[in-house]
Every structure is written in C-alpha cells, then in structure tokens.
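Colleague: Have a look at this prediction, sequence included:
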Amino acid sequence: MQPERTASTPARPLFAALKNAAAMAVTATMAAAIAALGAAPVHAAEDPSKWPTRPIRLVLPFPPGGGTDTLARIMAPKLGALLGEPIVVDNRGGAAGNIATDIVAKSDPDGYTVLMGFNTALTMNPSLYRNLPFDVQRDFMPVTLLASAEYVLVVNPNLPVHSVQDLINLAKSKPGQLNYSSSGPGSPLHLAGELFKARTGTDITHIPYKGGGPATMGLLGGQAQLMFGSVAAVMPHVKEGKLRALAVTGLKRSEVAPDLPTLDQLGLRGFNVTSWYGLLVPKGTPAPIVDKLAAAAQKVVQLPEVRDAMAKQGLELSIDTPSEFADLIKTESATWADLIHKMNIHAD
C-alpha cells in the first residue's frame, strides 16, 4: 500500500523534472554568455596598419596643473588630430611616478595606453626602490624622446665664489660646512648634488626639502649655500640678482642661459644630469604602431606653439629614434645605479 501524499511530501517524478529543467536553463545561459564573449571585439587582434580606431589614453605620472600636465594638454589635441583619434590625458601622480609607470607596464600592448615617461621614474627609481612591480627595460618599448632640460648649479650670492672651481676650493677647505638643498631624498636635484660631490671629492651636507620650491626658498634664505635647480625655478632669481649661477649640468649649453658653461666643459667630463620626457608603450606593441606614434609625436613637438609652451617650462626640443631612446634609458640607468649603490641611497 502506497503512503498517502501530503502537501509536505513532494512527488519524486515532479522534483526530478524540475531539477533537470533548471540544469538545462543554467547550461543554456552559460552557452549564451560564452557565445556573447566570443562575439565581443578583441582589440589586441586589430590590424596594426589601421591603428588607431579609438581614443588613446596618455598616462602622466604627475597631478593636474603642473608644467608637464600643461605641456601634455597642449600636445594632446594636436597629436590626436594627426592620428585621427582623441588623446585622453590621464593624470596618475604619486609614488615618484611609479603608479603611472606600473599602470602602463601592465596594459595591453595595443597602442591605446601610452606613458609620458619622466627620467626619474625610468632611470633612477629602479635603483632607489627595492621592490618595484615593473622592470622598465623589460616591460616597455621606448617610442621617442620629446623634451629635455638642464639643471643649473646656483649659489647664494653671499657665498664668496664666482666660479665652479671657486666653489670646489671652498668646499674642500670647509668639509661638511657647506649645505646644498634639494627637492627631497632620491630626487634628481639630490642625485645631482651627490654626483657633484663624488666627481669633485668634496664633502657637502644635503638638506632635503619637500619640493623644488621650498628648496629654492631655503637657498634664498641662507639655510643652504648651493643647489642644483631647474631652469624655470632658479633663473628668475638669477636675473634679479638673488642667486648666482655657475654652470649647467647637461652636455650642451642651455638655450635659456647660453652664457653659462657646462660642468663637462669645466673639466667634469661626462657630467650629464638632465630632466627629460618621452613616450613609451608596453613591450610587445607592434612596430608599425610604435613608428606611427613616434612620427606623429615628433611632428607635434616641433610646432611653434608647442615649442613656446616647452620654453616656458625651461624645456628644449629633444627627439630621437626608439632605439636611441632605449640606449639613453639603459645608459642613464647604469650611471644612477652605480652612484645610488655607492652612496647607499634609498627612497623606500
């Protein structure tokens, strides 16, 4: 005799049918999702010869409002017009440029994510920071250098020196008694000072500030006696007689201050400390894309209005091929690694 079914006793055949129907529905849903994914466009598979077909993201390692941001926003619409697609500026400041650099390093190598790289992040940070999540020479393809600027060696006018040799002689006669200011530990201004000490055999005390502006004010106020400053930051004070300029740090004289000799010309052979900017893309980006981007960017930075904007930031036109740019990164990285390790400098 079969037991009587109640509302609380489900019928086994009905339960099994419902279970099978649910399983079939789930299977159909998954199949539809997979089919939809398969139908979605795969951007990495684009024909490189047709690049670009959508907006390009230009990642900056600086916050909005600074000199590099201003330059990028002047360049972006002109570069976009040449390439036929908009250039979207994406500011990712912080961590001395490491955040922006890491974002691009991990992006698809399809030409749609481009880094406006700064030499601090590309050639100094790999030795200053011990656990970076990217490797510049492994993870990037250099596209082209865009602009560069020398630093200026300046002193407080109360210091009784009028030449680089005067400064070296005074520093050697007073070891540890002269101070130089910088924009912070591991900054280009700091490393320029340390390289100067190493090349001249002098003992000068480093005073770090939180930025180039405060470092300049420290020099003007007499807390420091010398510094390596950007052209834009220090030359107005030089023209007003509040600072005395002795030399520039590049291998060629500055267009902004052509009367100043280079440290290389004054006997510190090979002394070359500059700031520079250039475009890079993730490793594996097709060569036709790299070449097209390089050609367009080089045309843009040679436009008069762009060069005027660069000059206001103390920047000079500086373009090269992808391979020459790669060589620059490799050479400077080796130079800074040697100095940083010898001086035991760390930023983390």
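Modeller: Arrived safely, thanks for sending.

Colleague: And the helices in the stretch 51-200 of the chain?
Modeller: Taking DSSP state H, counting those that start in this stretch to define them, one finds helices in the stretch 51-200 of the chain at 67-83, 98-105, 119, 125-128, 136-139, 164-173, 188-200.

Colleague: of all the ones you listed, which lies closest to residue 111?
Modeller: Nearest to residue 111, of all the helices of the stretch 51-200 of the chain, is helix 67-83, at 9.7 Å by Cβ to Cβ. For the C-beta atoms, the positions are set from N, CA and C on the backbone; glycine is no exception.

Colleague: Give the buried residues for that closest one.
Modeller: Within helix 67-83, the residues that count as buried by 16 or more other Cβ atoms under 10 Å are 67-76, 78-80, 82-83.

Colleague: Can you pull the poorly scored residue ranges out of the chain?
Modeller: Across the chain, the ranges flagged by pLDDT under 70 are 1-45, 348.

Colleague: picking up where we left off before, export the helices of the stretch 51-200 of the chain as JSON lines, with columns for distance to residue 224.
Modeller: Output for the helices of the stretch 51-200 of the chain, formatted as JSON lines (distance: least, Cβ to Cβ, whole Å):
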{"stretch": "helix 67-83", "distance to residue 224": "23"}
{"stretch": "helix 98-105", "distance to residue 224": "28"}
{"stretch": "helix 119", "distance to residue 224": "24"}
{"stretch": "helix 125-128", "distance to residue 224": "22"}
{"stretch": "helix 136-139", "distance to residue 224": "32"}
{"stretch": "helix 164-173", "distance to residue 224": "13"}
{"stretch": "helix 188-200", "distance to residue 224": "10"}
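
Colleague: Would you mind telling me which of those helices is nearest residue 269?
Modeller: Across these, residue 269 has its closest neighbour in helix 188-200 (9.0 Å, Cβ to Cβ).

Colleague: any idea how far residue 182 is from the residue nearest in space to the middle of the chain?
Modeller: Nearest to the geometric centre of the chain sits residue 118, at 2.5 Å (Cα atoms, centre = their mean). Here the distance between residue 118 and residue 182 works out to 17 Å (Cβ to Cβ, to the nearest Å).

Colleague: Tell me how the protein divides into domains.
Modeller: Domain assignment for the chain by the TED database gives 50-148+274-343, 150-266.

Colleague: And the shortest one, end to end?
Modeller: Using Cα to Cα, to the nearest Å, the end-to-end distance of domain 150-266 comes out at 15 Å.

Colleague: and that domain, how far out from the chain's middle?
Modeller: Mean-position distance between domain 150-266 and its chain equals 23 Å (Cα atoms, centre = their mean, to the nearest Å).

Colleague: and residue 150, which of the helices of the stretch 51-200 of the chain is closest to it?
Modeller: Taking the helices of the stretch 51-200 of the chain one by one with Cβ to Cβ, helix 188-200 is closest: 10.2 Å.

Colleague: thinking again about what came up before, out of the buried residues of helix 67-83, flag the one nearest to residue 164.
Modeller: For the buried residues of helix 67-83, the nearest to residue 164 is residue 67 (27.4 Å; Cβ to Cβ).
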